[in-house]
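Student: got a structure for you, letters missing:
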């Protein structure tokens, strides 16, 4: 009996020793070091807005937690006691690692979202001429961005930082082709742009003009496929060149008439009928007469010569069709320019609009713009730039 009681007592003492070694019955409270570290912050799919913060609980492990971020430019984090704080600094992605004293880790895959939705300045429907490229901005959302084309035989895309470049490849044996451009940010948000590659008819605004020797005339090249080149039928009458990619500049050299031809990359041509007169030194506008096709919009620059120093006031005989903007001459007898705006150029018959410019001394110069009724029906004319 005595021996049995001795064994029971020994077992009790040994049991207390085991409990003490395991932390039971004393020591710090909480979960044992064998419990995995975890947090109320989700391990995946967590999004924090730029400039905001979120907090979560941390439990388990051996305590004394620390937070480490893989990209502190995107997000920062710290632990206060058992609370994890995450701060969104900039749009992007990062991994937050919560570590305890035993080097056990809980990781959070974080996306910091931009306050601006993912966007592009490219229109939802885009027309582009063969052999040309157009550039747009991509922004918002969550960088980094990607871009792809559904038909790389005709449309290719590239991204450099926030700049999207769309290139329409030359067409072979067909009038047009289409492709969809898909833009995607790091959060898999997408924007789609429908692209049509097609040849746009080549045009000039204006397409005829009258000037004098040494005066400058300009016309805007529309459509076609750049680059453009210019040639003159009679080089003794005038010279011509293409400047600023789509501006035809002509200078009268000698009294006479000639045709200036613009050629595009697809061998389309368009003609400008130029008349050069002897002229007089008084205040005048150049061109003094010009023609535009029905339905054309945009703007035209008229040059003023021989004006007195000061503001040039411009007036239109029909503001519903052509508007005007004032100009300025810096020196007496100097030159200036006036920009006129094509508004509603749909006409039932050839229509003349007179532009009158008055300098600071009351001298007047005039230019007559003829809107040519060259469309087959009124319904075919849809230009209404107001």
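Tutor: Structure's in. What do you need? Treat the numbers as computed from the prediction; the structure is a model and nothing was measured.

Student: and residue 380, what's its pLDDT?
Tutor: You'll see residue 380 listed with a pLDDT of 65.

Student: with residue 385 instead?
Tutor: Looking at residue 385, the pLDDT reads 44.

Student: go on, residue 57?
Tutor: For residue 57, pLDDT reads 95.

Student: so what's it bridging to?
Tutor: residue 83 (DSSP bridges).

Student: what's the answer for residue 249, then?
Tutor: Here residue 249, judged by DSSP bridges, has bridge partners residue 218, residue 241.

Student: same deal with residue 304?
Tutor: Beta-bridge pairing for residue 304 (DSSP bridges): residue 285, residue 336.

Student: run through the residues that contact it.
Tutor: 283-286, 312, 327, 329, 335-338, 357, 359, 365 (CB atoms under 8 Å, 6 or more residues apart in numbering). (C-beta placed from N, C-alpha, C; glycine too.)

Student: ChimeraX command to pick out the buried ones of those residues?
Tutor: Those of those that count as buried under 16 or more other CB atoms under 10 Å are selected in ChimeraX with:
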select :283,284,285,286,312,327,329,335,336,337,338,357,359,365
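
Student: tell me which of the contacts of residue 304 is nearest to residue 253?
Tutor: residue 286 (13.9 Å; CB to CB).

Student: so the closest one touches residue 216, yeah?
Tutor: Yes. Counting by CB atoms under 8 Å, residue 216 is a contact partner of residue 286 at 6.9 Å.

Student: anything in contact with each of those two?
Tutor: Common neighbours of residue 286 and residue 216 (CB under 8 Å, 6+ apart) are residue 303.

Student: follow-up on the earlier one: dump the contacts of residue 304 to JSON lines, plus pLDDT.
Tutor: Listed next are the contacts of residue 304 as JSON lines, based on pLDDT from 0 to 100:
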{"residue": "283", "pLDDT": "85"}
{"residue": "284", "pLDDT": "86"}
{"residue": "285", "pLDDT": "88"}
{"residue": "286", "pLDDT": "88"}
{"residue": "312", "pLDDT": "92"}
{"residue": "327", "pLDDT": "89"}
{"residue": "329", "pLDDT": "87"}
{"residue": "335", "pLDDT": "83"}
{"residue": "336", "pLDDT": "88"}
{"residue": "337", "pLDDT": "89"}
{"residue": "338", "pLDDT": "91"}
{"residue": "357", "pLDDT": "93"}
{"residue": "359", "pLDDT": "88"}
{"residue": "365", "pLDDT": "88"}
